[in-house]
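Colleague: okay, structure incoming, though there's no sequence with it:
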């Protein structure tokens, strides 16, 4: 895999959905910390230069992660069905099984 700097003008992640499950969480992590919509977010360090936004539309998003400045590093993006799992920056643990296709 290629490694390159992420340009703040190019990185804008949006999650929205139209049916069940009613609530999904969006989580981005790297070696410096984690940003997410989960209730466990306060247990993990926040990533600098990244903004998280959520709009309440009866639980169907959108949830948005965007860069506010350029940054480099490896990132992992997770989408989870509930706010019950939070990756640690030192964990190699998988985010769990994928969501079922509907």
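Modeller: Noted; the coordinates are in hand. Just so we're clear, the structure is a prediction, and the values are computed from it rather than from any experiment. Residues are numbered from 1 along each chain as shown.
Colleague: partners of the helix or strand hosting residue 29, with directions?
Modeller: Taking DSSP states H and E as the definition, residue 29 sits inside strand 25-30. If you go by DSSP bridges, strand 25-30 pairs up with strand 33-36 (antiparallel), strand 76-80 (antiparallel).
Colleague: tell me which of these is the most buried.
Modeller: When neighbours are counted by mean count of other Cβ atoms under 10 Å, the highest per-stretch mean among the strands paired with strand 25-30 falls to strand 33-36, a mean of 20. Just so you know, the C-beta spots here come from the backbone N, C-alpha and C atoms, and that holds for glycine as well.
Colleague: could you pull out the buried residues of whichever helix or strand comes after that strand?
Modeller: Next helix or strand after strand 33-36 toward the C-terminus (DSSP H and E): strand 50-54. Going by neighbour count (16 or more other Cβ atoms under 10 Å), the buried part of strand 50-54 is 50, 52.
Colleague: strand 50-54 versus strand 25-30: what angle between them?
Modeller: Going by axes from the mean of the first three to the mean of the last three Cα atoms, to 10 degrees, strand 50-54 is angled at 180 degrees with respect to strand 25-30.
Colleague: and the helix or strand following strand 50-54, which strands flank it?
Modeller: Next along the chain after strand 50-54, taking DSSP H and E as the criterion, comes strand 63-67. Strand 63-67 has the following sheet partners, assigned by DSSP bridges: strand 12-15 (antiparallel), strand 50-54 (antiparallel).
Colleague: now those strands in JSON lines, please, with extra columns for mean pLDDT and distance to residue 28.
Modeller: Output for the strands paired with strand 63-67, formatted as JSON lines (pLDDT from 0 to 100; distance: least, Cβ to Cβ, whole Å):
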{"stretch": "strand 12-15", "mean pLDDT": "82", "distance to residue 28": "7"}
{"stretch": "strand 50-54", "mean pLDDT": "73", "distance to residue 28": "7"}
